[in-house]
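**Student:** only geometry, no sequence info:
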Ligand code: UD1
């Protein structure tokens, strides 16, 4: 290909699919898709953007899930910290990889900067884009993830959705691509890895199941980058833990750890009654801890979904959620970061039944997605 190539000719593309990963939740969501591609012998490769790099956010997850390490990795992403610099660096890195590998289709999953960079790089080169978890909306225009989702959906050729609500959002916005209701591969992942996760607890007295406890994760920019919100959320969870007589295990995301340090709140947080701070766990250990918890407090989209799938009541420390079905089913309560609301929501959550039916598909998403991939690669996928 000549220097200065801007768009790849269709006949220059290879019958192979690229899969972009780079953040902890994205690796988990795409694991079943990578495994299904492997199982069927479909030509594929993975690209790691380098957005997440700490072992417990990255390499341990590949180990835990028995996944091969990606064939390509964008180096140097961790040095870029602003949204623009991080996204631009990944965009340029992925473009170079796509110019070499020339896949007919690139799959991205979710709403992180990693996925925006992957989708844009492919779109600009004339490579088809498939977006997994398309059509989700929080309608909160202050969130970087909301910008990413909307842009990715409007530049994708295939939009893999979790359910009817996402399809309505996409129809209302009149997206260009073809909508395929696949369900969410996070259900496939949660189900297929739950047994392995539980096996981790066997014989370990410190593992899940010993006492009644809750789990807390908190990492969203809008919560942890503002000292007052961070303090308010942690005070609320601490009060709820004390009032309900449970201990809460707080797995501190690297971003949150950094902010606690910058705000001079590290020892304040460590001294909060009812909270036990520790490093984030690998995926299987976290799943084991989640499955045995009586309650989860979180601002993560993925953890809200996983809690619902594993029938653990959730209190969401945000003012809204993309996953409104979890709220309608009684699996999730939106508490924001006001301490009073957190205590009230936790009290209700702890008393409520956990017998909801699981939304997000039937655990067959990877198979449906790979059916489409095969159709794109053999030329039988018609487009919109
Ligand atoms: C990103 C996603 C978010 C997703 C989350 C899962 C965007 C806009 N947001 O947020 O949707 O829910 O990942 O974790 O893409 N850090 C480390 N080690 C790591 C990763 C991050 O130390 O492996 C620290 C770094 O200081 C980094 C900061 O955390 O600058 C933020 O990481 P970044 O990936 O930019 O955003 P997240 O908050 O993780």
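**Tutor:** Nice, I can see it. Note that this is a predicted model, so its numbers are computed, not measured.
**Student:** near the ligand, which residues of the stretch 51-200 of the chain?
**Tutor:** Within the stretch 51-200 of the chain, the positions near the ligand by Cβ under 6 Å from any ligand atom are 51-54, 57-58, 81, 86, 111-113, 144-145. Every C-beta, even on glycine, is put in place using the N, C-alpha and C of the backbone.
**Student:** quick check on these: which are buried?
**Tutor:** 51-52, 57-58, 86, 111-113, 144-145 (16 or more other Cβ atoms under 10 Å).
**Student:** lowest pLDDT pick from those residues?
**Tutor:** By pLDDT, residue 57 ranks lowest within these, coming in at 91.
**Student:** for that residue, give me phi and psi.
**Tutor:** phi -110, psi 0 (degrees, to the nearest 10).
**Student:** where does pLDDT dip in the stretch 151-300 of the chain?
**Tutor:** Within the stretch 151-300 of the chain, the stretches with pLDDT under 70 are 201-210.
**Student:** just the strands in it please.
**Tutor:** Per DSSP state E, counting those that start in this stretch, the stretch 151-300 of the chain carries strands over the ranges 158-161, 178-181, 213-217, 247-251, 275-278, 295-298.
**Student:** reformat the ones you listed into a markdown table and put distance to residue 96 and mean neighbour count next to each item.
**Tutor:** Formatted as a markdown table, those follow (distance: least, Cβ to Cβ, whole Å; neighbours: other Cβ atoms under 10 Å):
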| stretch | distance to residue 96 | mean neighbour count |
| --- | --- | --- |
| strand 158-161 | 24 | 26 |
| strand 178-181 | 29 | 17 |
| strand 213-217 | 34 | 24 |
| strand 247-251 | 35 | 22 |
| strand 275-278 | 38 | 15 |
| strand 295-298 | 36 | 26 |
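**Student:** out of the residues of the stretch 51-200 of the chain next to the ligand, which sit inside helices?
**Tutor:** Using DSSP state H, the subset of those located in helices is 86, 113, 144-145.
**Student:** now distance to residue 63 too, for the residues you listed, in TSV please.
**Tutor:** Formatted as TSV, these follow (distance: Cβ to Cβ, whole Å):
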residue	distance to residue 63
86	25
113	24
144	29
145	27
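**Student:** how about the strands of the stretch 151-300 of the chain in CSV, adding distance to residue 91?
**Tutor:** Formatted as CSV, these follow (distance: least, Cβ to Cβ, whole Å):
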stretch, distance to residue 91
strand 158-161, 20
strand 178-181, 24
strand 213-217, 28
strand 247-251, 31
strand 275-278, 35
strand 295-298, 29
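**Student:** out of those, the one nearest residue 92 is which?
**Tutor:** Among these, the nearest to residue 92 by Cβ to Cβ is strand 158-161 (24.5 Å).
**Student:** so what strands line up beside that closest one?
**Tutor:** strand 128-134 (parallel), strand 178-181 (parallel) (DSSP bridges).
**Student:** how about the residues of the stretch 201-350 of the chain by the ligand?
**Tutor:** 219, 221, 254-255, 258, 300.
**Student:** let me see the contact set for the spatially closest residue to residue 360 that is not a sequence neighbour.
**Tutor:** Sequence neighbours aside, residue 184 is the residue nearest to residue 360 in space, at 4.3 Å (criterion: Cβ to Cβ, 6 or more residues apart in numbering). By Cβ atoms under 8 Å, 6 or more residues apart in numbering, residue 184 lies in contact with 29, 132-133, 162, 305, 360-361, 365.
**Student:** any idea how far the ligand is from residue 184?
**Tutor:** Using Cβ to the nearest ligand atom, to the nearest Å, residue 184 is found at 15 Å from the ligand.
**Student:** ok, residue 155 next?
**Tutor:** For residue 155 relative to the ligand (Cβ to the nearest ligand atom), the value is 17 Å.
**Student:** before we move on, what about residue 165?
**Tutor:** In terms of Cβ to the nearest ligand atom, residue 165 sits 19 Å off from the ligand.
**Student:** swap in residue 322?
**Tutor:** 11 Å.
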